[in-house]
Every structure is written in structure tokens, then in C-alpha cells.
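Undergrad: I'll drop the sequence and a predicted model, then ask my questions.
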Amino acid sequence: MESTMKEMRGGESVLDLSPRATVGGGVEDVYGEDCATEDQLVTPWTYSVASGYSLLRDPHHNKGLAFTETERDSHYLRGLLPPAVATQQLQEKKLMDNIRKYQVPLQKYMAMMELQERNERLFYKLLIDNVEELLPVVYTPTVGEACQKYGSIFRRPQGLYISLKEKGKVLDVLKNWPERSIQVIVVTDGERILGLGDLGCQGMGIPVGKLSLYTALGGVRPSACLPVTIDVGTNNEELLKDEFYIGLRQRRATGQEYADLLHEFMSAVKQNYGEKVLIQFEDFANHNAFTLLAKYGTTHLVFNDDIQGTASVVLAGVVAALKLIGGTLADHRFLFLGAGEAGTGIAELIALEMSKQTKIPLEETRKKIWLVDSKGLIVSSRRDSLQHFKKPWAHDHEPVKDLLGAVKAIKPTVLIGSSGVGRTFTKEIIETVASLNEKPLIMALSNPTSQSECTAEEAYTWSQGHAIFASGSPFDPFEYKGKVFVPGQANNAYIFPGFGLGLVISGAIRVHDDMLLAASEALANQVSEENYDKGLIYPPFTNIRNISANIAANVAAKAYELGVATRLPRPANLVKYAESCMYSPVYRSYR
Ligand SMILES: NC(=O)C1=CN([C@@H]2O[C@H](COP(=O)(O)OP(=O)(O)OC[C@H]3O[C@@H](n4cnc5c(N)ncnc54)[C@H](OP(=O)(O)O)[C@@H]3O)[C@@H](O)[C@H]2O)C=CC1
Ligand SMILES: CC(=O)C(=O)O
Ligand SMILES: [Mg+2]
């Protein structure tokens, strides 16, 4: 410990690759302020009570016209606001009216971001109360366009940028962030933003959007959330030429240089925030995502949303769908288009659940699941040339070059799109799947809407109304032959906020596959008869905070059962406890 602190205080090499963080949370005096001597560098943090003009400019505390007469007197606000006093409800009504007037989704997005920067509680009140309407604005699909244009619409930094320029100084960079009690970090390196490819530093929109859902949907308080973008360059030629690009103007660093920066970041996070901070990897390319998850899964509280969160949400949808399509999980044959993070992550969790249900070994249950990648069906003759995460799916079969051929050969009952390529579920493919099944389950998971493997209209029309359909980005209900079909949204947003809350409230120090199954089970249990009657396999997002509390409780229960929870004693009623921990956006009164 002594040598660690000396290094930190020396102000040069702050990188400690084996931090002495305690399970109890945090490291004693990590900022080195109490014991620093004259020759040592510290961060000069100060705390003050905001009042007057600075109170109005502080998004955490600003209430705008909702400051009461008493607050206006006691906080030096007289004259800085017009005389009217408004309720939060009235402010919400006005802002929703304004947002609804914008025709262009990106304008709505910018209005929401501007609100978040101006009045955080009002932002979350809007998002929570109007979740179905605003989710497509702050999240997919609009966040995808926002990332593509991030350089042009950039106004104020909303998260922490850690680039190669900060190599050797990452711990100092973390200390520049104004909040210290961080519970959840969402980090991207921008290389696989939704299905839009490499957006470099402009991927920041994704951690910002995901964390706003952590708060709105999962109740993790905003000050405990830290969006991070690791900038190692971009291979996106358009961005490299774009004069408004906000990131490093170089091609991506790879190999040891990449690994070193990531390792410095992971070590600094643990050193600064302790063992219980959740690090959610988001939208990394698959050649790094699996490696990072495996490497840090045993030393940090890490979760890959694209691999694990997606798996949990899709398993929930499939289990719920069994009520509509019949059979048990093991009775079905699964075919995926796309064998990357999402595809193989989902496949593995389905196979695991199947194995647990049937007591059949995992190697056997995997054989019910087939994947197609850009080179065709994954079969054993391709094994040697496959990336490691595809190898478990190389079953014995003659080569098949495309999805249509695979559909004809495998005869799937469930078709899942996780390719990132739009309109790849063609009319012929959907017609073939529909001809093989009375009720085919079709999930087009790729985001944003432009990359969806098919639209809701296509799924329902081409299957003549027989398909049970869900998609990663939302589609409106569709009327076909006088019947209204309501597509579900199979998006990891159902899982990660409640999952993260469960980890936080139990003080979990590691993520385990059984927790993903627990989250999935909790979600599937929330689908009501009324939802099923509409053909839905997910509950509506309107009830998401309640759903998240149930997911959190199931995940926390599993953490206690597995012995990785550190918050002791275990609360007796975990749902109630989760609810009691959830952030509320209602204004507080100031003395
Ligand atoms: N709904 C949700 O909650 C989520 C949705 N997603 C979406 O899933 C998509 C994929 O993400 P992810 O798995 O991380 O990406 P990856 O890059 O890891 O995987 C993409 C896979 O699709 C394959 N592929 C690409 N083009 C084709 C094609 N034309 N025909 C057949 N296969 C193709 C690739 O093949 P090859 O390996 O040969 O290159 C690869 O196996 C993205 O659009 C993302 O937005 C992701 C996470 C959550
Ligand atoms: C939803 C999500 O995480 C993705 O599309 O990458
Ligand atoms: Mg993602």
C-alpha cells in the first residue's frame, strides 16, 4: 500500500496495475489530499453551496421557474427569474408540447440533451413519464444519427474522453470528473456503434444514452453514472476528413498499444472507485469485446451489454414466446443471421438455459442452434478458420452459402437477426420460414431502424400475419387484414438498467452467467396475459421501473446465493429494497 501511495503522490507514474482497492468500496484517501506533503500534487477540489446565478446554471440543482418564493429569497434568485412560479408538472407539459412540435428526430434529441444540461431532474421526469415516446429520441434509433453527426451537434462534454494522449495519466483524468461516488461506468471505444460501424470518438452518444436509461429505467442516480469514451483513433475515413470531427485524427491503435491503454483505464477505475463499480462495455468491435470481457471478468465487475445484456433480453423474449408458439425451449431450432457479439452471446445463453432445463450437456444443446455469418452457415469444415467465439457453433453439416439456403436446410422455428445489415430477411426468407411453421418467431435485432433485418410490416405481411415479431429498434403497430399487430422491442434496454441496479444494491463484485439467467427470468415473468393477447413477448416500457426493480431483485438474490454480494445483511424483501433505492426525479426543497 505504501509504495502505491508513494507512486500516486509522486505525480509521475500514477499507474498501479495491482490496486489495493478493498471489497468494502474505494481506497483510503485515493485523492491523496489528507497525507500529501508540499512536494506532492493533489487535485484542488472544493465544495460550495450554489446560490444565485450559479444555482440557475447548475443542472443538478436548477429548477427554473419551479423555485418557490421562499427559495428565491433564501438563494439570492430574486430578479434572476421572471415572477411566475411553475410546478414541475407544468414545466413538463410545456416541454413535451415543445418537443412534439419538432418534426425532425434529431431536433428532439438536441432539445432533450439541452434539457439534460440545463435541468437534470426535469429531463428525467420527462423521460420517465413519457418513456415510450422519448426512448426512440434519447436511444435507438435517434442516438445513432446523433453519433454520426456528433461533431456538428457537440455543445458540451457529457462524459469523460480518454484518448491515447492521456496514456500514463488516466488516473488523473478520472480525478478530473466532478463526481466521486461512481457506481456505473458505460465505456465504448466507438468501433461498432449500433450497426453503424466505426464512429470513433463520436460514439460518446452511446454511453451517454445508455446511462440516461440507467437512471430513468433503472433508478441509478445520475451523479453515480459516468460515460466514458476511449479514443484510440478511428478507421472511418469520412470522419478523419471531417473538419468537425471531435476525436483523435489518426487510424486506430491496435495490439499492445490498445491493450495498454485499456489496461491502464481498467486499473485506474478500480483504484479510484473500488471493486464495486460496474464497468459496462458497450459497442466495442467483437475482436476486442470478447477478449476484454474474458480478461477483466475475473478481476473487475464487468458486463458486456452487447454480448450478455442482449442474450438475457432475447432469452426472455423466446421463453415468453413459448406461450404463443408452443413447446419447450429444447423443442425449438434456432437460426441466426450474424455470429458476432449479439448472435453468439444469445446463442450461448439459450443453450445454457436449455441445458439447465433438460440436464442435457451444453455441448449437446448447442446443436439446436445454428448461425450464419458473412461467409454462410457455420459448419465444422470451417472450424479452423473461425474466430474463437464461433467455434462452438461449428456443427456437422455440408456448407451452405447463404441464409435462404440455411433456412431451407435447418428449418428453424426461430429466426434471429443479429447481423447489423438491414433488409437481409427478404420476402423469400420470411415466406419460407412461415411455410415451415404455424407461428414462426422472428426477431430482427439490428439497430438502428435502417439496419433492422426486416420491418414489422414486412414480417407480418410476408408471413401473412402468422409471425410473432420483435425488433431491436421500435416499429409502430401495423394493421394487416383488419387486425392490429403490435411489435415488441427486443432491446437490451429492458435488462441492463435493472441488472446494474441489482449489482449495485447487493454490492456485487463479479458478474456470473446465472445472474443473466435470473434477469431474463424476471423479465419473462413480467409479460401479462393482456400482453400475450396482443402478440407481445415483452411487457410495455411504460412499466419499466417496476420491471427493473424485479430484475434487480432477482439479480441481487442470485448474487447473494453465489456469495458475491458484499452488502450485508441481505435485505429481506429485495423488490422493496430495490424500489427504495431508485432515484426519483421529483424536485427537492432547498433550505
Ligand atoms: N437489440 C439489441 O438489444 C441489440 C442489437 N444489436 C445489434 O446487432 C447488430 C450486430 O451487433 P454485434 O453482434 O455486436 O456485431 P458483430 O460485428 O459482432 O457481428 C455481426 C455479425 O454479422 C455478420 N454479418 C455481417 N454482414 C452479414 C451479411 N451480409 N450476411 C450474413 N452475416 C453478416 C458478421 O459476419 P462475419 O463474422 O463473417 O463478419 C458477424 O458475424 C448491430 O446492428 C447491433 O446494433 C447488438 C446488441 C444489442
Ligand atoms: C442495443 C445495443 O446495445 C446495440 O444495438 O448495440
Ligand atoms: Mg450496444
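TA: Yep, that arrived. Ligands and ions are numbered 1, 2, ... in the order given.

Undergrad: which residues touch Leu501?
TA: Going by Cβ atoms under 8 Å, 6 or more residues apart in numbering, Leu501 touches Tyr214, Gly218, Gly219, Val220, Ser548, Ala549, Ile551, Ala552, Val555, Ala578, Cys581, Met582. C-beta coordinates here come from the backbone N, C-alpha and C atoms, glycine included.

Undergrad: Out of those residues, which are close to ligand 3?
TA: With the criterion set as Cβ under 5 Å from the ion, no member of the contacts of Leu501 is near ligand 3.

Undergrad: Out of these, which sit inside helices?
TA: Among the contacts of Leu501, the residues falling in helices (DSSP state H) are Tyr214, Ser548, Ala549, Ile551, Ala552, Val555, Ala578, Cys581.

Undergrad: closest to Ile307 among the residues you listed?
TA: Distance to Ile307, by Cβ to Cβ, is smallest for Val555 among the ones in helices among the contacts of Leu501, at 16.6 Å.

Undergrad: Excluding sequence neighbours, find me the nearest residue to the closest one.
TA: Nearest residue to Val555 in three dimensions, chain neighbours excluded: Gly502, at 2.9 Å (Cβ to Cβ, 6 or more residues apart in numbering).

Undergrad: so what's that neighbour up against?
TA: So Gly502 contacts Ala508, Met515, Ala519, Ile551, Ala552, Ala553, Asn554, Val555, Ala556, Ala559, Ala578 (Cβ under 8 Å, 6+ apart).

Undergrad: Do I have it right that Met582 meets Thr215?
TA: No: look at Met582 against Thr215 with Cβ atoms under 8 Å: they stay out of range, at 9.3 Å.

Undergrad: Which residue of these two possesses the greater neighbour count?
TA: Higher neighbour count among Met582 and Thr215: Thr215, with 24 against 19, using other Cβ atoms under 10 Å.

Undergrad: what sits against that one?
TA: By Cβ under 8 Å, 6+ apart, the residues touching Thr215 are Tyr124, Arg221, Pro222, Cys225, Tyr583.

Undergrad: Of those, which pair is most distant in space?
TA: Spanning the widest gap among the contacts of Thr215 are Tyr124 and Cys225, at 11.4 Å by Cβ to Cβ.

Undergrad: which residues in the stretch 401-550 of the chain form helices?
TA: 403-410, 427-436, 456-462, 496-506, 513-524, 529-533, 544-562 (DSSP state H, counting those that start in this stretch).

Undergrad: Identify, from the contacts of Thr215, the entry nearest to ligand 3.
TA: The closest of those to ligand 3 turns out to be Cys225 (Cβ to the ion; 16.3 Å).

Undergrad: That closest one: neighbour count?
TA: Considering only other Cβ under 10 Å, Cys225 is surrounded by 26 other residues.

Undergrad: repeat for the one 10 residues further on
TA: Residue neighbour count, defined by other Cβ under 10 Å, stands at 15 for Asn235.

Undergrad: Quick one: the helices in the stretch 101-250 of the chain, in order.
TA: Going by DSSP H, counting those that start in this stretch, the stretch 101-250 of the chain shows helices at 105-118, 120-129, 131-138, 142-148, 150-153, 170-176, 205-216, 237-241.

Undergrad: residues in contact with whichever residue of the chain sits closest to ligand 2?
TA: Using Cβ to the nearest ligand atom, the single residue of the chain nearest to ligand 2 is Asn447, 3.7 Å away. By Cβ under 8 Å, 6+ apart, the contact list for Asn447 reads Thr140, Pro141, Gly144, Leu194, Gly195, Gly472, Ser473, Asn491.

Undergrad: which one is the last one nearest to, not counting chain neighbours?
TA: Yep, that's Asn491 we're talking about. Nearest in space to Asn491, with sequence neighbours left out and distances taken as Cβ to Cβ, 6+ apart, is Gly472 at 5.3 Å.

Undergrad: pretty sure that neighbour contacts Cys454?
TA: No: using Cβ under 8 Å, Gly472 is not in contact with Cys454; the gap is 11.6 Å.

Undergrad: shared neighbours of the two, anything?
TA: Common neighbours of Gly472 and Cys454, using Cβ under 8 Å, 6+ apart, are Ala444.
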